[in-house]
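Trainee: Predicted model and sequence below, questions to follow.
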2 protein chains.
Amino acid sequence: MGELAARLGSSALLTDMYELTMLQAGLRSGAAHRRSIFETFGRRLPAGRRYGVVAGTGRALEHLADFRFTDAQLQWLRSESLVDEDTLDYLRDYRFTGTIRGYAEGDVYFPGSPILTVEGTFGDAVILETLILSVLNHDTAVASAASRMTSAAGGRPLSEMGSRRTHESSAVAAARAAAVAGFSATSNLEAGMAYGIPTLGTSAHSFTLIHDTEREAFTAQVESLGADTTVLLDTYDVDEALETAIAVAGTELGGVRLDSGDLAIQASEVRAKLDELGARNTTITVTSDLDEYAIAALTAAPVDAYGVGTRVVTGSGFPTANLVYKLVAHTDSPGGDGEWTAVAKKANGKSSRGGRKQAVRVFDGPIATEEAIGIPQIPADLADGRHLLVDLVVDGVVDDSHTGKEGVRRARARHAESVAELPRTARRLQDGEPAIPTVYYEG
Amino acid sequence: MGELAARLGSSALLTDMYELTMLQAGLRSGAAHRRSIFETFGRRLPAGRRYGVVAGTGRALEHLADFRFTDAQLQWLRSESLVDEDTLDYLRDYRFTGTIRGYAEGDVYFPGSPILTVEGTFGDAVILETLILSVLNHDTAVASAASRMTSAAGGRPLSEMGSRRTHESSAVAAARAAAVAGFSATSNLEAGMAYGIPTLGTSAHSFTLIHDTEREAFTAQVESLGADTTVLLDTYDVDEALETAIAVAGTELGGVRLDSGDLAIQASEVRAKLDELGARNTTITVTSDLDEYAIAALTAAPVDAYGVGTRVVTGSGFPTANLVYKLVAHTDSPGGDGEWTAVAKKANGKSSRGGRKQAVRVFDGPIATEEAIGIPQIPADLADGRHLLVDLVVDGVVDDSHTGKEGVRRARARHAESVAELPRTARRLQDGEPAIPTVYYEG
């Protein structure tokens, strides 16, 4: 189990109140027992983005196991008169027994891609709405930004270091999402312990400042952490710090970090000086307010690794993926055996496509050309594309290969493969259209 | 205790790895035992903002009680060889025994305001950096945006409904931060249970769609939730829905909600029709992608309440407050009795002001005119202003009036008072300078 799932007693109140009042009214009318399909999708990508990256799926499944209403929670709901006794009885016994299918975590997505579908009774499925959207909207926003950064870094390793710039629990999820999208390491210890992501970090300016001299600070660091540590150069004067560091650690110094100033110029100067001093294997890490554009701008600079903070954990301008969770079909009965009725909101635009869906990524050779969405099925001639919906939960049983450390490992591999299949335009940072079109096949 | 603090076994790994490696190296050099002052502040406000709102202080204090390294965490740190045995021993016994002073939660702040200062040994204080910044950066970003919305709403009630657009735990903290900044209610049940914030919500489009007709849906809702419920009008056709709702619930219908379309025009039309039908007390709530500008634009529309989602939980364009936590002074010894040495980073700009600080808000009559920061003290003639630093933790003992439900209640009151003291320009939504200048008094 993951970070929160392992430690929270229950995820059940991470929920909007109206999910429970809808359940109550639906129990009264009987509609709560109708078999239903809810679909999670994005109406569009963030402006100008070429693709998005599905993330959070594994965490959502981890939470599902803890979506149980505790006695204390039920007592609170009663004391506040938020729902009636019939609803409390329903919630007391609640276990999700339906089926969840969706894109494999790490896969890319496009406008309208049915990223996650939940099938169960209306009551069982509607109360998962808020939690599923919270998890997917956050993690997908981070992974989608992180993927652009991975791409811009062109093979150089990236570390996620943004914990301090986002909510303390989001920080763990953000480290995980960045790892799915190809980041090599994180500064966040909880993410290391919970998800097996390599952790990284040595020292900050305060460590230099708490010592009487920079030499004393570097000496303490090297004596304690070894010569292959990374020292921070820009507390007082970068040039002097570099000389001090090599004097203290020798040419075996592991690395230096630059956290301010003009990084391209400084990196070149520092590289030249390191080489001149014989420290040819000492690496240079840069970490100052980087985003995908800043990373791309450093392509020609002698930088060995990037540390990214604020911009990755806040989705590089798009902190939420704006995914929605919509009822798209239902039957008249609790079983899935009746005829499905497709439904969708109609008023005022913001409409969506009702009906159960299939999704296939169509290829021309090794390159993806189309996101084909069939309602309910795609045409037979496209059926040899990659079918995108995989079973995540079947009749209430979670497929554990999608959760925990194994889930992260698989999602990371899936992400790398899916991005490699996209046309080259997908890697452009400039604003543009989605890398492949979404095409609907109806009837 | 609050949401996470009550449910997490330990907050200790919500921490960047370098905090622990700095501790290790500092234990080796002895510098970890030096008495230190770390200061949390923002170098600037988000572009164009007139003031910021301190939030998260109570949550940070709640976490402090759970900042304990568990056996499982220590075992993991050992198995990964992240720190040495001396450091593990230190962490095993870790309890914060220092002193934390800061702005009362809910107060406003300006560039350079010393929002939270942590005094203790370097080792004790440095390892709190990440957690304190995570909490304050998130909650302050949300409260600062929410305060602009409260102001724009001019007394009309605002509800926070953004849980689905942010990480599931951030959602709880965001509901809390919005309440601090004057929001009346939240959709988030956990925030209701943990912090006593009133919760609110009735139904979504899916509830209408799961029934065969809108009339059946409204009937189910009214029978279950009572005639004073709020029905959602824009699933099929707003006009028809309104007639159906009054036919079902009568003129005692509590409220209607509009979630799409041109809200100003629709609100006027709906108001006219409600009045014509005799439903003069039925309220109108609008909830579609609102931010402070959209709220201000609806001032003349007959809207009774606003529901705000994405834009409040993501800080309305500024999802992090970009607060930093910097070592500003230390002594040579573990006690605070030695002479303080002021320290600050110098290289490459991004510099800050070292030294222990005092902060006073200066007034001209009832209106604030200046944020006075004295290093170490402000001049005697300004000392009758409001002293902004209050004791939060003294020698390791947390002042519980700042935590839990009581903390939220007090912070909300403090926020209302502090905003009322600002000059009128503070309420302008247009970009501009901070409402009052920050003035430093040194020496």
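Mentor: Yes, it's here. Residues are numbered from 1 along each chain as shown, chains lettered A, B, ... in the order given.
Trainee: Number of residues surrounding A:Ile197?
Mentor: Number of residues near A:Ile197 (other CB atoms under 10 Å in any protein chain shown) recorded here: 27. (Glycine included, C-beta is placed from N, CA and C.)
Trainee: Test my guess that it contacts A:Ala179.
Mentor: Yes - counting by CB atoms under 8 Å, A:Ala179 is a contact partner of A:Ile197 at 4.7 Å.
Trainee: Give the residues shared as contacts by these two.
Mentor: When contacts are counted by CB atoms under 8 Å, 6 or more residues apart in numbering or on different chains, A:Ile197 and A:Ala179 have A:186, A:191, A:408 as shared neighbours.
Trainee: Among those, which lie within helices?
Mentor: Those of the shared contacts of A:Ile197 and A:Ala179 mapping onto helices are A:191, A:408, per DSSP state H.
Trainee: List just the nearest of the shared contacts of A:Ile197 and A:Ala179 to A:Thr283.
Mentor: A:Thr186 (18.0 Å; CB to CB).
Trainee: Could you check how far the closest residue to that closest one other than its chain neighbours is from chain B?
Mentor: Nearest non-adjacent residue to A:Thr186, counting by CB to CB, 6 or more residues apart in numbering or on different chains: A:Ala175, 3.8 Å away. Plainly put, A:Ala175 is 10 Å away from chain B if you go by CB to the nearest CB, to the nearest Å.
Trainee: A:Ala175: neighbouring residues, count only.
Mentor: Neighbours around A:Ala175, by other CB under 10 Å: 32.
Trainee: Kindly report the same for A:Tyr103.
Mentor: Neighbours of A:Tyr103 using other CB under 10 Å come to 25.
Trainee: residues contacting it?
Mentor: Contact analysis of A:Tyr103 by CB under 8 Å, 6+ apart lists A:54, A:57, A:109, A:113-116, A:359, A:388-390.
Trainee: Now it: phi and psi?
Mentor: With angles defined as degrees, to the nearest 10, A:Tyr103 sits at phi -60, psi 140.
Trainee: Could you check how far it is from chain B?
Mentor: Separation of A:Tyr103 from chain B (CB to the nearest CB): 19 Å.
Trainee: Check A:Phe183 too.
Mentor: Relative to chain B, and taking CB to the nearest CB, A:Phe183 is found at 15 Å.
Trainee: Next to chain B, which bits of the stretch 251-400 of chain A? Give me the list.
Mentor: Residues of the stretch 251-400 of chain A lying close to chain B by CB under 8 Å from any CB of the partner chain are A:260-261, A:310, A:313-315, A:319-320, A:322, A:325-327, A:330, A:343-350.
Trainee: Produce a ChimeraX select command limited to the buried residues of those.
Mentor: Buried subset of these, written as a ChimeraX selection, criterion 16 or more other CB atoms under 10 Å in any protein chain shown:
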select /A:260,261,310,313,314,315,319,320,322,325,326,327,330,343,344,345,346,347,348,350
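Trainee: What segments of the stretch 151-300 of chain A are strands?
Mentor: A:158-160, A:185-186, A:230-232, A:255-258, A:283-286 (DSSP state E, counting those that start in this stretch).
Trainee: List phi and psi for A:His138.
Mentor: The phi and psi values for A:His138, taken as degrees, to the nearest 10, are phi -70, psi -50.
Trainee: A:Leu388 now?
Mentor: phi -90, psi -20.
Trainee: you'd agree it is up against A:Arg361?
Mentor: Yes - using CB under 8 Å, A:Leu388 makes contact with A:Arg361 at a distance of 5.9 Å.
Trainee: Tell me both backbone torsions, phi and psi, for A:Ser144.
Mentor: phi -70, psi -40.
Trainee: for it, what are its contacts?
Mentor: So A:Ser144 contacts A:45-46, A:49, A:51-53, A:55, A:181, A:315, A:318, A:321 (CB under 8 Å, 6+ apart).
Trainee: Could I get those in TSV, plus columns for pLDDT?
Mentor: Below are the contacts of A:Ser144 laid out as TSV (pLDDT from 0 to 100):
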residue	pLDDT
A:Leu45	97
A:Pro46	94
A:Arg49	97
A:Tyr51	98
A:Gly52	98
A:Val53	98
A:Ala55	98
A:Ala181	98
A:Gly315	98
A:Phe318	98
A:Ala321	98
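Trainee: Which of the residues you listed sits closest to B:His211?
Mentor: A:Ala321 (29.6 Å).
Trainee: which SSE is the residue lying closest to the closest one once chain neighbours are set aside in?
Mentor: Using CB to CB, 6+ apart and skipping the chain neighbours, the partner closest in space to A:Ala321 is A:Thr140 (4.0 Å). A:Thr140 belongs to helix A:129-153 when assigned by DSSP states H and E.
Trainee: What average pLDDT does stretch A:282-291 get?
Mentor: Regarding stretch A:282-291, the rounded mean pLDDT is 96.
Trainee: which outside residues touch that stretch?
Mentor: Defining contact as CB under 8 Å, 6+ apart, one finds that stretch A:282-291 is touched by A:149, A:159, A:161, A:230, A:246, A:251, A:253-261, A:263, A:267, A:270-271, A:274, A:298, A:302-312, A:316.
Trainee: Just the buried ones out of those, please.
Mentor: Using 16+ other CB under 10 Å as the burial test, the contacts of stretch A:282-291 include A:149, A:159, A:161, A:230, A:246, A:253-261, A:263, A:267, A:270-271, A:274, A:298, A:302-312, A:316 as buried.
Trainee: so A:Leu27 is in which element?
Mentor: Using DSSP H and E, A:Leu27 sits within helix A:17-29.
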